[in-house]
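Any chance you could fold what I've pasted below:
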Amino acid sequence: MADKVKTGTVLIEEGVTFPDSFRLQSEPYSNGWRLVKDLDGYGLDRRVSEAGWSSFYMAGEMKASAFALDGEKSLRRAVNQILANLKSERFNSLEITHVTRKCFLGLSHTTVSAHPRHIQKSIFLLDWKNKTTGIPRAGFL
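Okay, here's the model as predicted:
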């Protein structure tokens with residue numbers, strides 16, 4: 001699995017509904033998240049656009065670090081930290097932008113950088129009005 005998660009890897013939240021014309025090959029990675037096979041962020045953007053949907057790449061970088069006895073465990077822990085934060089932000093996908101591995105006192109230390117992404121049918125990332133107050137707010141359609 002260590003060679004599957006690297007710079008350019010995309011993870012998508014399980015349960016995201018796509019149009020029938022949009023097929024992705026993926027495999028389970030972590031609780032509620034799937035690893036996209038054979039596509040990086042650019043390839044995913046192209047496929048999403050061809051299906052008539054929108055893909056948003058968020059500028060804010062997320063980082064996490066973890067220690068473990070082996071490199072795979074530290075990588076998985078770091079990615080899981082980012083995924084936990086991503087879920088609270090309501091984004092449904094993630095692109096790994098950098099992975100750094102080091103060994104320190106016999107422990108593997110991995111730092112992962114990633115950018116949130118969001119895939120949806122609408123071209124608008126903002127939900128213009130709160131249904132109860134009518135006041136514009138951030139959210140998703």
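
so where do the helices sit in this protein?
41-50, 71-89 (DSSP state H).

now, of these, which is deepest in the fold?
helix 71-89 (a mean of 18; mean count of other C-beta atoms under 10 Å). Where C-beta positions appear, they are placed from N, C-alpha and C, glycine not excepted.

Report all helices and strands that that helix contacts.
When contacts are defined as 3 or more C-beta pairs under 8 Å, 6 or more residues apart in numbering; DSSP states H and E, helix 71-89 sits against strand 10-13, strand 26-30, strand 62-68, strand 93-104, strand 107-120.

Deepest-packed of these, please.
When the helices and strands packed on helix 71-89 are compared using mean count of other C-beta under 10 Å, strand 10-13 is most buried, at a mean of 22.

Averaged pLDDT, that strand. What do you get?
Mean pLDDT, strand 10-13: 94.

Same question for stretch 115-129.
75.

What of stretch 79-89?
Here stretch 79-89 scores 87 as its mean pLDDT.

who's in contact with it?
Stretch 79-89 is contacted from outside by 5, 11, 13, 29-30, 32-33, 62-64, 66, 94, 96, 112, 114, 116, using C-beta atoms under 8 Å, 6 or more residues apart in numbering.

just for the chain, where's the confidence low?
Scanning the chain for pLDDT under 70 picks out the ranges 1-3, 126-141.

Any idea which residue is closest to the centre of it?
The chain has Leu94 as the residue nearest its centroid, 1.3 Å off, counting by C-alpha atoms, centre = their mean.

which residues touch that one?
Neighbours of Leu94 in contact, by C-beta under 8 Å, 6+ apart: Val10, Leu11, Trp33, Met62, Ile82, Leu83, Leu86, Ala114, His115, Pro116, Arg117.

got TSV for those residues, with distance to Lys102 too?
TSV is the format used below for the contacts of Leu94 (distance: C-beta to C-beta, whole Å):
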residue	distance to Lys102
Val10	25
Leu11	23
Trp33	25
Met62	20
Ile82	18
Leu83	22
Leu86	24
Ala114	18
His115	22
Pro116	25
Arg117	27
